[in-house]
Each structure stands twice: as structure tokens, then as C-alpha cells.
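Engineer: Next input, structure requested:
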Amino acid sequence: MKKLLFRADGNAAIGAGHIMRCLSIGEAARELGLECVYVTADASFEKVIQDRGFSCVVMNTLYSDMDCEWPALEPVLTRVGPDAVFIDSYYVTPDYLKRLGAYGKTIYLDDVLAFAYPVDVLINYNIYADREDYESLYSGESTTMPELLLGAGYVPLRKEFQLSEVPPVRAHMERVLVSVGGADPERMALKFLNCFIQDRELAGRCEFHFILNSLEPDREEIKEIAARHSWIFLHENVRRMSELMLNCDAAISAAGSTLYELSACGVPTITYVLADNQIPGASAFEARGIMVNAGDCRKKPDFLAGVCRELKLLAADAKRRVKMSKKGRETADGTGAEQMIREIVL
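Structural biologist: Reported below is the predicted structural model:
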């Protein structure tokens with residue numbers, strides 16, 4: 001049986017995205033008969049990984065200094081003997097990746113084009129990924145450009161997002177999903193909640209369904225406020241995210257991998273930026289008419305008012321929501337992780 005090793009981290013500082021997309025790839029690999037092992041710097045997501053049925057090795061190292069983790073990582077690599085190693089971190093260095101290449105085929109998940117990565121395969125599944133950008137990145141470098149897997153055809157979504165059909169867009173917008181990312185570093189869940197309560201045109205006019213992740217910093221305050229409003233619903237430890245998405249008429253979401261899940265479900269979405277690496281994605285989704293980009297929540301003074309305004313416009317325009325839903329469905333079909341494994345491992 002072939003073995004895959006995933007090196008990724010998640011915590012309150014960097015969120016959950018790296019871990020969650022690696023889990024999606026791992027689940028696809030497991031269905032194809034491969035064994036998967038996850039290696040993390042700390043124990044923040046150890047239980048999440050184990051609950052998905054995977055082995056997790058915690059090194060007790062610093063996630064932001066990967067060059068110093070070799071005394072802990074090398075014995076794991078030797079023991080596991082992986083056929084391929086997936087790396088998903090912004091803290092890799094050229095030396096780290098070169099050294100890792102001695103232990104198996106190296107596969108790096110990228111979206112920032114930081115340097116000419118010395119790996120065997122490079123994956124950028126974003127809709128804005130462009131081969132010419134990578135050709136420019138490697139031009140004049142001594143590092144050979146790796147095999148490139150680019151575009152939304154490789155988006156690593158869980159199998160639950162392989163949907164043959166989705167519910168038709170309803171004329172009236174009754175339920176809105178709110179997703180703020182794994183760690184909510186800008187504390188947007190609480191800000192959105194208070195904003196909706198104070199907006200007389202939104203408060204009580206539709207249901208707001210908030211996803212509360214394990215790292216949410218305002219969890220208790222949000223629960224206290226939500227308990228006083230019957231139209232606010234909180235969802236924790238969601239097992240079937242697709243079902244929750246499919247039950248909603250629109251969504252507000254940070255511009256991470258969740259956008260591809262919402263696209264697969266055909267949910268018209270207002271997206272926003274909470275980290276610099278999300279800027280290209282938010283812009284690309286809007287440019288293609290798939291989603292509305294409300295801008296950068298860190299820098300836009302009237303950001304919350306703008307989101308409320310866009311939400312009301314979306315509610316009043318069912319035809320627009322139908323078009324957005326259709327374009328989203330054309331963007332992601334949920335088979336990217338399986339396609340990825342078949343092309344580079346099997």
C-alpha cells in the first residue's frame with residue numbers, strides 16, 4: 001500500500017485552511033487505497049485529524065520555524081517511509097524543501113508564489129492560478145520548474161460536495177449562512193452579529209446561520225446574544241457542511257477555501273478579505289460574476305454597512321442570484337482531490 005505524509009499546521013494564528021484542505025486530499029487518497037499520516041507542529045488540530053480516522057504525529061515544534069523541526073521530523077519520515085509528501089505551509093524555505101526531497105516525491109500546495117519551490121509537483125487550485133506567473137517565477141532560477149497542477153479543477157473538496165444537482169434558487173431569501181474562517185482573527189462573527197441586529201431591514205426578516213469553529217475567540221458572547229434572538233442560529237462541529245450550505249439561500253464568507261464549497265453548492269455569496277493571500281481570490285470570484293466582493297474587512301471603514309447593503313441588493317434580485325448560483329456550480333464540481341491523487345500518486 002502506498003503511503004502519503006501530510007505536513008501542515010493550523011492554530012489560532014493561522015486558521016484551519018491548511019489542515020482542512022489536506023484532510024480533503026487525504027480522504028480522497030484513502031478511498032483510492034492509500035495510507036495517510038499527518039504531521040503537525042502542535043496539537044491544535046490533533047483531535048480533528050484523528051476524528052477523521054487518520055494518524056497524527058505532533059512534533060511539539062514552532063510552526064513558523066520549519067527549518068528547526070528536522071530533529072523531530074526526520075525520525076517520522078524514516079519510520080513512515082512515504083511515497084509522497086504533501087506540504088501545505090507558508091513557512092517553508094528552499095533548504096527545507098530540498099532536504100525533504102530525499103524522503104519521497106514532494107508536492108507543495110501554493111497560492112502566494114513566494115519563491116521558486118524546489119519540489120516535484122506544485123499545486124495551485126485557485127481560479128486565478130496562471131501558468132505564466134510560475135514560468136516568470138522560475139525564469140532565470142537554478143531550480144527546475146516542477147509539474148504544475150493549476151486551476152479549480154484541482155480544488156480539494158470533500159466527497160459530500162460532489163453534487164449532481166442542487167435545490168433551485170428560491171424567489172425569497174430566507175436563510176443566510178455566515179462563515180468567518182477557522183480562527184476568526186478579525187473577530188468578524190461578533191461584528192456581523194451585532195450589525196445584523198442593529199439593521200432594521202435585516203433584523204428578524206431572515207434567518208442568519210453562523211458557523212462557529214473551535215478557535216472562535218468570542219464564542220460565549222456570541223452564544224449569549226444569539227439566545228435572545230430567535231432568528232439567529234449557531235452551528236458547531238458541523239459534520240455535513242454541504243447540507244447546511246444547501247439549506248441556505250445566500251452566504252457571507254471570508255475568501256478562503258470555503259468559497260469553493262459554496263460554489264459547488266450553488267450558494268450566491270458575498271465574500272470578503274481578512275488576509276492578504278485572499279485578495280486575488282476575492283477579486284477573481286467577483287470578476288467572473290460568481291460572487292460579490294465586499295472588500296477588505298481590515299481596511300474598509302464602512303465595511304459592515306457595505307455587507308448589509310450588498311445583502312439587501314442580493315435579496316431583492318432573484319435573477320442575479322440564479323446567475324451566481326449557476327456560475328458557481330460551473331467552477332467547482334467536488335472531484336479535484338481525487339483528480340489530484342490520480343495524476344500525481346497513482
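Engineer: What segments of the stretch 1-150 of the chain are helices?
Structural biologist: When secondary structure is read from DSSP state H, counting those that start in this stretch, the stretch 1-150 of the chain shows helices at 17-31, 46-51, 70-80, 94-100, 131-138.
Engineer: Return the alpha-carbon coordinates of the third one using PDB.
Structural biologist: What it means is helix 70-80. Output of helix 70-80 as PDB, limited to C-alpha atoms (Å, rounded to 0.1, in the frame of the first residue of the first chain):
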ATOM      1  CA  TRP A  70      14.200  18.400  11.500                       C
ATOM      2  CA  PRO A  71      15.300  16.600  14.700                       C
ATOM      3  CA  ALA A  72      11.600  15.800  15.300                       C
ATOM      4  CA  LEU A  73      10.500  15.300  11.600                       C
ATOM      5  CA  GLU A  74      13.300  13.100  10.300                       C
ATOM      6  CA  PRO A  75      12.600  10.100  12.600                       C
ATOM      7  CA  VAL A  76       8.900  10.300  11.400                       C
ATOM      8  CA  LEU A  77       9.900  10.300   7.800                       C
ATOM      9  CA  THR A  78      12.200   7.400   8.300                       C
ATOM     10  CA  ARG A  79       9.600   5.400  10.100                       C
ATOM     11  CA  VAL A  80       6.700   6.100   7.800                       C
END
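Engineer: centre of the chain versus that helix, how much separation?
Structural biologist: Using CA atoms, centre = their mean, to the nearest Å, the distance from the centre of helix 70-80 to the centre of the chain it belongs to is 28 Å.
Engineer: tell me which strands and helices it is in contact with?
Structural biologist: Using 3 or more CB pairs under 8 Å, 6 or more residues apart in numbering; DSSP states H and E as the contact definition, the elements that helix 70-80 packs against are strand 3-8, strand 35-40. Backbone N, C-alpha and C define where each C-beta goes, glycine included.
Engineer: Compile the ones you listed into a markdown table and extend it with columns for mean pLDDT and mean neighbour count.
Structural biologist: Supplementary listing: those in a markdown table, determined by pLDDT from 0 to 100; neighbours: other CB atoms under 10 Å:
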| stretch | mean pLDDT | mean neighbour count |
| --- | --- | --- |
| strand 3-8 | 98 | 25 |
| strand 35-40 | 98 | 23 |
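Engineer: burial of Pro185, as a residue count?
Structural biologist: When neighbours are defined as other CB atoms under 10 Å, Pro185 has 18 of them.
Engineer: show me the contacts for the closest residue to it other than its chain neighbours.
Structural biologist: Leaving aside its sequence neighbours, Pro185 sits nearest to Leu274 (CB to CB, 6 or more residues apart in numbering; 6.6 Å). Leu274 is in contact with 180-181, 185-186, 188, 254-255, 296-298, counting by CB atoms under 8 Å, 6 or more residues apart in numbering.
Engineer: and if you look at Arg175?
Structural biologist: 206-207, 209, 247-250.
Engineer: next one: Leu150
Structural biologist: Under the criterion of CB under 8 Å, 6+ apart, the contact partners of Leu150 comprise 123-125, 129-131, 134.
Engineer: Select only the buried ones of those in PyMOL?
Structural biologist: Selection of buried members from the contacts of Leu150 for PyMOL, criterion 16 or more other CB atoms under 10 Å:
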select buried, resi 123+124+125+129+134
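Engineer: How much space separates the residue nearest the centre of the chain from Leu5?
Structural biologist: Centroid-nearest residue in the chain, with CA atoms, centre = their mean: Ser257, separated by 2.5 Å. Using CB to CB, to the nearest Å, we find Ser257 at a distance of 21 Å from Leu5.
Engineer: immediately after the strand or helix carrying Ser242, which helix or strand?
Structural biologist: Using DSSP states H and E, Ser242 maps to helix 241-246. Later in the chain than helix 241-246, the nearest helix or strand by DSSP H and E is strand 250-254.
Engineer: Pairing partners for that next one, with directions?
Structural biologist: Strands adjacent to strand 250-254 in the sheet, as given by DSSP bridges, are strand 175-179 (parallel), strand 269-273 (parallel).
Engineer: Okay, helices next: where are they in the stretch 151-300 of the chain?
Structural biologist: With DSSP H, counting those that start in this stretch as the criterion, the stretch 151-300 of the chain has helices spanning 188-198, 219-226, 241-246, 258-264, 279-287.
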